[in-house]
Structures are given as structure tokens and as C-alpha cells.
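Predicted model and sequence follow; I will ask about them next.
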Amino acid sequence: MNESLPSRSALSSRSPGLSGRIRVPGDKSVSHRALMFGGISDGETRITGLLEGEDVLRTGDAMRAMGAKIRCDGEAWVVTGTGNGCLLEPAAPFDFGNAGTGSRLIMGLVGTYDMTTRFIGDASLSKRPMGRVLEPLRQMGTQVLEAQEGDRLPITLQGPKHAAPITYRVPVPSAQVKSAVLLAGLNTPGITTVIEPVMTRDHTEKMLAGFGASVEVEKDDDGVRHIRLEGQGRLAGRAIEVPGDPSSAAFPLVAALIVPGSDIVIENVLMNPTRTGLILTLQEMNADIEIQNRRDAGGEEVADLRVRSSELKAVSVPAERAPFMIDEYPVLSMAAAFAEGETLMQGLAELRVKESDRLAAVAAGLKANGIDCTEGEDYLAVRGRPGGKGLGGGAVETHLDHRIAMSFLVLGLATEQPVTVDDREIIATSFPEFMPLMHNLGAKIE
């Protein structure tokens, strides 16, 4: 560690060509859901490949607090569930730290139970609006006993004695809102329906079916998805293999594209079509990404990705692609910084309500490192400089956001001057192996 750097910061420097074979941690979305569904199933659920990041472990803590038994058994996590409808009232508040997905999904899960639950989090999570989840829960009979201005944490919920099923049209594309309503429907009599005009990641629907829930998905003549769940059914424990997280794979993938002479393989990456928007976009930018060994893993498609350094070309990324890559725009912006021409990313309003205002944080970090960009209300335009000459040398404020930290550490691997981020510790929320994995490829990060 450089003695002149504060202990929490990190610095990345121009690196030689990256090389090697790596496997990224398990998918965060699938990991959260595996613990939740295992926790309300009958019998035992055995999970391999679980992401052991802080966000996911907070979800495990919440399920334990409501009666599920969760233990680590070598390479696997074993969950003994309570059975659907049998969660217990927790004795203390749920502390979700920085975990937006975990907090919103657990709100849905417990919202229809006749019990009181309180949700708290760190400074970043406490700034994030929860109204999108609370609105459908209120319609189902949940009382919000406590919430801060703008429906923010701390929040206290009191579930109804008898929850009412609803038909809910998701107002903006959000897998978290869709999933929260479906989770609430598990403990609700009758049919809960979610209408989804724009498809988002579908792990919840797939996993519900895998655990034995009565769920059906239909598209109407306009292509709008209708997801119907029959509540109060029995769920049965099962074995789950969590594939590699494409959002985590994005960081070494982009690093290999922008560091000259790189040639790496990222193994076992989830290739669900709702999660591959970044790969599609980078391929349109002339990225050399070879998809190898496609195969099935527990109902999800996975593959290995061979990635070689490439001369990238700017593109316009359509707004309708945003739901399939919303978490990947920060690191895509790093690729755009080295592409020839102006890359325009549209439909990014959702980035303003993530762990930080990611749109503002990315634009500020790019400008601090000499990269020409324009931030709009819901778009970002980045004018690249192939080769990275004159770029870097800036300090980036991460705003307690793991993806901002990792994205700018990737940037510094190819800029002329090093890049500093103010907080390395936040990376552990989603990708605790990031530093050693990048070091193994030859990245110069200290």
C-alpha cells in the first residue's frame, strides 16, 4: 500500500496486458433470492456458488432472524426453511447496511405477515427512496408505521391480519418492485398479478417455479408480461447452483478491452437475456468478446467469455436497453472513454436512485480524469480518447458506491496517469474478491 494514501483509498495505474482465467463470484440477484426462497421452503435448500458479499449476508441474517436456519457446509450454504407463511416476528430491526436489493425484497416478503418489522441501513441506503415498494404493499393492507421524508429508511411496517391480493402494473421498469410484489403474494390468499410493460430480469419468476410455486407468465398482444402467482402454496427446498454474476464480470471484461495486449477468459458467467445488455453493447462497439461453452446451470444459461483488447468505436445505446444493463453503465462509461467518437447512453434516470446518484458520480469522476462528457437529466455522452493519452491523474469520490469504486479502478489501468478512488472498503458489499482477482490478471492496483 502506498504510504501517502489514506488507508481506505486505492490507486490504479497503467498496466501491462492482462492475462489468465478467472471465475467471478456468484450472481448477487440470484444469491439474494436463493436465501429468501430457501428460508420459506419446507425442507433443505443447498446453495453452491453463493455470493458471500456483505449485501447477501445481510439477507441471510434477516432470514435467520425470522426462523430460518442457515449454515455454511464447506463450499455450500445449507438453508432449512420455516415453510411458506411461517416466518416469525424478528426481535430486532433488520440492518441492511448498503443493500438496496435485500431491503426492498425483504420488505415485500414480510409486508403481508401480521407482524411488525423495522428496516434500517447505512447513510447511503437511508437516502434511497422506498416508495415504489411501499405503494403496492399499502394496497395489499400493509401499514407503514414509520418512514422518513420521501419514504426513506428507517421504515417500520405492520402487516395486515388478512392481506389482499392485487393486480399491480409496475410504473417503471424495476425487477425489485416486481419481485417485492410477488414475494408479498406468497403469503396472500388468491392470485397476485404483476403487469410488466417492459421486461426486467426474471430470476424471481424462474426461481418461484423452481421451488414449486404456482406461477404463470403470459404476454398479451402488445408484448406486455402478466405474471400471476397463486398465494399460500407450498414451497419445497432444492439444490441451487448460483452462476457467475455478469455485473461483477463487467469489471475484468472492460479492463481487458481497454488495456492493450490483454487476453483473458471469464468462466461460468450468467447469460440470462435480461442481463446481457452490456455484452451486446460492447460487441456493437467492436469489442472482441467470444462466447464459449454455452450450457445450462439450474435453469439458467451460463457461458465462458474470452475477452481480448480492442479498438472500440462509439455507439448510441438506446433507452430501452437500460433495464438489461442498469448496473453496468458506470463501467461502460470507462470503455466509452477509450472509444473513438461520442458514446451516448440514454434512459439513465434510474441511476440517480442507486447506491449513489451514479449518473452524477460517473460524470464527475470522468471530468476529474480529463475525459470529455456531458451529463443530462437521463443521459450521459462520453467523448472518448483512444489510447488514453493525457487521461487520468484525478481523485474520484465514490459516495459509498461499490460500482463507482470498481469502475474507476478499471479506468486507471489504461489511462496515462494513475486514478485514485477514495474508498476501497465499500467494494466488499458486492465483490469482496475484486482486488485479488484483478491482481491475478496483472492489474496494478494498490
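Perfect, thanks for sending it.

all strands for the stretch 101-250 of the chain, in order.
116-120, 143-148, 152-158, 167-169, 191-196, 214-219, 225-230, 239-241 (DSSP state E, counting those that start in this stretch).

I'd like those as JSON lines, with mean pLDDT appended.
Converted to JSON lines, the strands of the stretch 101-250 of the chain look like this (pLDDT from 0 to 100):
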{"stretch": "strand 116-120", "mean pLDDT": "98"}
{"stretch": "strand 143-148", "mean pLDDT": "98"}
{"stretch": "strand 152-158", "mean pLDDT": "98"}
{"stretch": "strand 167-169", "mean pLDDT": "98"}
{"stretch": "strand 191-196", "mean pLDDT": "98"}
{"stretch": "strand 214-219", "mean pLDDT": "98"}
{"stretch": "strand 225-230", "mean pLDDT": "98"}
{"stretch": "strand 239-241", "mean pLDDT": "94"}
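
looking at those, which is closest to residue 135?
strand 167-169 (8.6 Å; Cβ to Cβ). All C-beta spots, glycine's among them, are computed from the backbone N, C-alpha and C.

on that earlier part again, ok, which of the strands of the stretch 101-250 of the chain comes nearest residue 317?
Closest among the strands of the stretch 101-250 of the chain, once you apply Cβ to Cβ, is strand 191-196, at 21.6 Å.

name the helices or strands packed onto that closest one?
If contacts are counted by 3 or more Cβ pairs under 8 Å, 6 or more residues apart in numbering; DSSP states H and E, strand 191-196 sits against strand 167-169, helix 175-185, strand 225-230.

Of the ones you listed, give the one that comes closest to residue 41.
Comparing the helices and strands packed on strand 191-196 by Cβ to Cβ, helix 175-185 comes nearest, at 13.1 Å.

what's the closest one in contact with?
Applying Cβ atoms under 8 Å, 6 or more residues apart in numbering, the contact partners of helix 175-185 are 29, 33, 36, 100-101, 104-105, 107-109, 111-112, 132-133, 136-137, 140, 142, 163, 165-166, 168, 170, 192, 194, 196, 200-205, 208, 215, 227, 229, 231, 274, 323.

can we see that at 6 Å?
Residues lying outside helix 175-185 but in contact with it, judged by Cβ atoms under 6 Å, 6 or more residues apart in numbering, are 104-105, 108-109, 111-112, 132-133, 136, 140, 168, 170, 192, 194, 196, 200-201, 204, 229, 231.

that older thread, redo the strands of the stretch 101-250 of the chain as a markdown table? Include mean neighbour count.
Below are those laid out as a markdown table (neighbours: other Cβ atoms under 10 Å):
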| stretch | mean neighbour count |
| --- | --- |
| strand 116-120 | 19 |
| strand 143-148 | 14 |
| strand 152-158 | 19 |
| strand 167-169 | 16 |
| strand 191-196 | 21 |
| strand 214-219 | 14 |
| strand 225-230 | 20 |
| strand 239-241 | 20 |
